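J.: Sequence plus the predicted model coming up.
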Amino acid sequence: MSNDAAKTLRALHVPQSPLILANVWDVASLQAILALNHDAADQPVKAVATASWAIAAAAGVRDEHLTWELNRDAIARIAPLCRDAGLPLSADLQDGYGYRIDEVVRAAVEAGVVGANIEDSIPQAGFAKGIAGSLYPLDEQVRRLRGAVSAADAAGCRDFVLNARCDVFCLDDTDDDGSRLAEAIARGKAFLEAGAATVFYWGGPRRRMSKTHVQRLVRELDDRVAVQLAAYPGEPTVAELAELGVARISVGPALYRIATEAVQKAARSIYCRGKLPAQ
């Protein structure tokens, strides 16, 4: 059953007609997303993905302090509902929790996960230490990703959809764009060779990904590129990103932030002796 769902998830990654993922963090957010399939004839929700940052925030901790146990518990509540809805689930497994990566992937598959984001940055290191200090060495990350794919296979999910995240563009260093791009391409190609279905690039919380970079990455990686939809003014829309040839678009913790801001806005209104917004 899990491998059939993995095949479905893999087939949804189509360049220029990308898989669109509105990342969730708990049962309530999942149900809000699933309701879109009840309200629309075209069934827009094709798969589900979690966002570790949002799971961490909902648990009251920072993303880099999210333990596997906390993440696993959130996934365990989400996975059965995805299965009941007939939708494949991809989980944000951060960096695979260091040396535990094989164990974590096996447990995730056993819980109902058929794909995962695994990043090449070290959560506790932050983005200020450059390639040598903030990212796993390339050869080590390749070994880790191969181990993750093998662990999923051993758990019964041969077609596990690994979305390998490359955080080169997030680093707070002085490397020029050309150096960053060259490193991103080298890592991306190595991650695909290691068994990744796609490579996920983003610019972190403060830096944008240029259209030029996305186009180059798509060309160099044979269209097997995933990106994050950004909320900055002037950023590409989903339709524009699709035209660039990406195969997957996600939103990370954006919906969590939007939801909590809506709560704060409504609460401010009633504390100021106003009224609740129309529902």
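T.: The structure has been received and is ready for your questions.
J.: buried set for the helix or strand hosting A262?
T.: Taking DSSP states H and E as the definition, A262 sits inside helix 254-271. Neighbour-count burial for helix 254-271 flags 254-256, 259 (criterion: 16 or more other CB atoms under 10 Å). Using the backbone N, CA and C atoms, a C-beta is placed for each residue, glycine as well.
J.: can you pull the pLDDT of the closest residue to V149 other than its chain neighbours?
T.: Excluding the flanking residues, the one nearest V149 by CB to CB, 6 or more residues apart in numbering is G195, at 3.8 Å. Per-residue pLDDT puts G195 at 99.
J.: do the one 4 residues further on as well
T.: For V199, the model assigns a pLDDT of 99.
J.: before we move on, what about A40?
T.: So A40 comes in at 69 (pLDDT).
J.: rewinding a little: for the helix holding A262, name the packing helices and strands.
T.: Packing partners of helix 254-271 (3 or more CB pairs under 8 Å, 6 or more residues apart in numbering; DSSP states H and E): helix 27-39, helix 52-59.
J.: which residues touch the longest one?
T.: By CB atoms under 8 Å, 6 or more residues apart in numbering, the list of residues contacting helix 27-39 from outside reads 22, 24, 43-45, 48, 54, 77-78, 81-82, 85, 87, 255-256, 259.
J.: Just the ones in strands from the residues you listed, please.
T.: V48 (DSSP state E).
J.: Of the contacts of helix 27-39, select the buried ones using a ChimeraX command.
T.: Entered in ChimeraX, the line below selects the buried ones among the contacts of helix 27-39, by 16+ other CB under 10 Å:
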select :22,24,45,48,54,78,81,82,87,255,256,259
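J.: just the contacts of helix 27-39: which has the poorest pLDDT?
T.: Ranking these by pLDDT, Q43 lands last with 92.
J.: Could you check how far the residue lying closest to it once chain neighbours are set aside is from K46?
T.: Closest residue in space to Q43, ignoring its immediate chain neighbours: N37 at 4.8 Å, by CB to CB, 6+ apart. Separation of N37 from K46 (CB to CB, to the nearest Å): 9 Å.
J.: next one: Q279
T.: From Q279 across to K46, the span is 28 Å (CB to CB).
J.: of these two, who's got more company?
T.: K46 (15 against 4; other CB atoms under 10 Å).
J.: So the more buried one sits against L19, correct?
T.: Yes. Using CB atoms under 8 Å, K46 is in contact with L19, at 6.3 Å.
J.: Please identify every residue contacting each of the two.
T.: With CB under 8 Å, 6+ apart, K46 and L19 have common neighbours L12.
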